[in-house]
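Enquirer: here is a sequence with its predicted model. Questions after.
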Amino acid sequence: MTPENTAPQKPEPKSGLMRISPYVGGKATVSGANRIVKLSSNENPYGASLAAIEAFKDGADTLALYPDGSARALREAIAKSEGLDPARILCGAGSDEIITFLCRTYAGPGDEIMHSAHGFLMYQLSALAVGADPVSVPEVDLMADIDAMIAAANERTKLVFIANPNNPTGTLIPDTEIRRLRDGLPSHTLLVIDAAYAEYVTEPGYDSGAALVSERDDVVMTRTFSKIHGLATLRLGWCYAPEAVIDAMNRVRGPFNVSGPALAAGTAAIADADFIARSRDGNIEARAWVAEKLERLGFPVTPSHGNFVLAEFGTSGPHSAEAADTFLQSRGILIRRMEGYGLPAHLRISIGTAAENGVLIAALEDFVA
């Protein structure tokens, strides 16, 4: 019974959760527009592999059955494509779920989870969800500051997330610097290299993180099928990690966390080398064209190694980022505002088809005029 004059207690969520501002994805619609050019979510403008689409359709015959909880066929396909050990691969509902698994497994109240200032927002949100304290380390010229990250690490630092290439800046950290970061972190700290855009990188000497994972027992690499493979709607990702880390994460992973159609489509997609190459080559050409046009219009572009560019517009005046976004929306063109990433003067623009890129630049020419 409730004591007299005492208000009944209500169920309350954990305090850390209420510090979270829910993640907001890129816009997909705008009121009043007859045509939408969506350049806000870094999706593959060329769609998905035809082999992956057919595999997804074939999965319709088995919708009444549970999927393979171990994702064996997909793990083996990834291992064959990437030259990895399938026993050290874990699949999830997007790399976001892998990030969640890592935070749940290795951090909690009183712990710290570190990321660079303009890193992917899910690092901070996932840290708060488990009651850990997110630590944002300032960057230098939109690049992760390795010395500052090493200096910020302490006995409470359980995870360090670093995206390479980084979203939303598109910047790339040399392998030597990634290794220096790992060597400078405490031995109890797990370094997580988020390589969601690895397939787009053509820089000589680039390593997605797989080599470092193979050499050590304190590094994890995460990947996704949402970008170059064009399977964003299926929510599919994976990680490569030491066996002990895989074993620990499997204890928090749901028994059937990836759907059967997603597993089938992913298995086909990872094997379609021709589609991957066409998507990468098309992105390189289109990204260079968009960047050159933006620069000519007076909007500096950070050199990008992903399927997007980060352009600087300013925070005030007629050509500010806010004004540009409002103008583009009036034309049905959707890009991504960057206030949530601490970059209010910038806009992130996904690379689209040739036609979409042309519409974007034509609209921006009208905007500056």
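Expert: Yep, it's here.
Enquirer: for the helix or strand where Phe101 lies, packing partners?
Expert: Secondary structure assigned from DSSP states H and E places Phe101 in helix 94-106. Where contact means 3 or more Cβ pairs under 8 Å, 6 or more residues apart in numbering; DSSP states H and E, helix 94-106 is packed against strand 89-92, helix 121-129, strand 157-163, strand 190-194, strand 219-224, strand 237-240, helix 243-250. Glycine gets a C-beta too; all of them are placed from N, C-alpha and C.
Enquirer: out of these, flag the one nearest Ile335.
Expert: Taking Cβ to Cβ, helix 121-129 is the member of the helices and strands packed on helix 94-106 nearest to Ile335, at 16.7 Å.
Enquirer: tell me the mean pLDDT over the closest one?
Expert: On average, the pLDDT along helix 121-129 is 94.
Enquirer: I'd like the next helix or strand past it.
Expert: Next in sequence after helix 121-129, counting helices and strands by DSSP H and E, comes strand 133-137.
Enquirer: immediately after that next one, which helix or strand?
Expert: Downstream of strand 133-137, the first helix or strand assigned by DSSP H and E is helix 146-152.
Enquirer: give me the distance from that following helix to the chain's centre.
Expert: 22 Å (Cα atoms, centre = their mean, to the nearest Å).
Enquirer: check stretch 97-105 too.
Expert: Worked out by Cα atoms, centre = their mean, stretch 97-105 lies 14 Å from the chain centre.
Enquirer: before we move on, back to that, the next helix or strand after the helix holding Phe101: partners in the sheet, and parallel or antiparallel?
Expert: For helix 94-106, the following helix or strand on the C-terminal side (DSSP H and E) is strand 112-116. Using DSSP bridges, the strands paired with strand 112-116 in its sheet are strand 133-137 (parallel), strand 157-163 (parallel).
Enquirer: let me have those in JSON lines, extended by distance to Ala273, mean neighbour count and mean pLDDT.
Expert: Below are these laid out as JSON lines (distance: least, Cβ to Cβ, whole Å; neighbours: other Cβ atoms under 10 Å; pLDDT from 0 to 100):
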{"stretch": "strand 133-137", "distance to Ala273": "37", "mean neighbour count": "18", "mean pLDDT": "97"}
{"stretch": "strand 157-163", "distance to Ala273": "25", "mean neighbour count": "25", "mean pLDDT": "98"}
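Enquirer: dump the ones you listed into JSON lines; add distance to Asp272 as well.
Expert: Below are the strands paired with strand 112-116 laid out as JSON lines (distance: least, Cβ to Cβ, whole Å):
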{"stretch": "strand 133-137", "distance to Asp272": "37"}
{"stretch": "strand 157-163", "distance to Asp272": "25"}
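Enquirer: for those strands, which one sits closest to Glu12?
Expert: strand 133-137 (20.1 Å).
Enquirer: quick one on the thing from earlier: buried residues in the helix holding Phe101?
Expert: Residues 94-106 are the ones in helix 94-106 that count as buried (16 or more other Cβ atoms under 10 Å).
Enquirer: one step back: of all the strands paired with strand 112-116, which one is nearest Ala117?
Expert: With distances scored as Cβ to Cβ, the stretch of those nearest to Ala117 is strand 133-137 (5.0 Å).
Enquirer: keeping just the C-alphas, turn the closest one into PDB.
Expert: What follows is strand 133-137, C-alpha atoms only, in PDB (Å, rounded to 0.1, in the frame of the first residue of the first chain):
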ATOM      1  CA  ASP A 133      30.600   9.100 -19.900                       C
ATOM      2  CA  PRO A 134      31.300  10.100 -23.600                       C
ATOM      3  CA  VAL A 135      34.600  12.000 -24.000                       C
ATOM      4  CA  SER A 136      34.900  14.200 -27.000                       C
ATOM      5  CA  VAL A 137      38.500  15.100 -28.000                       C
END
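Enquirer: could you give the angle of it to helix 94-106?
Expert: Orientation of strand 133-137 against helix 94-106 (axes from the mean of the first three to the mean of the last three Cα atoms, to 10 degrees) gives an angle of 120 degrees.
Enquirer: can you tell me what sits against strand 133-137?
Expert: 110-117, 119, 123-124, 127-128, 144-145, 148-149, 152, 156-157 (Cβ atoms under 8 Å, 6 or more residues apart in numbering).
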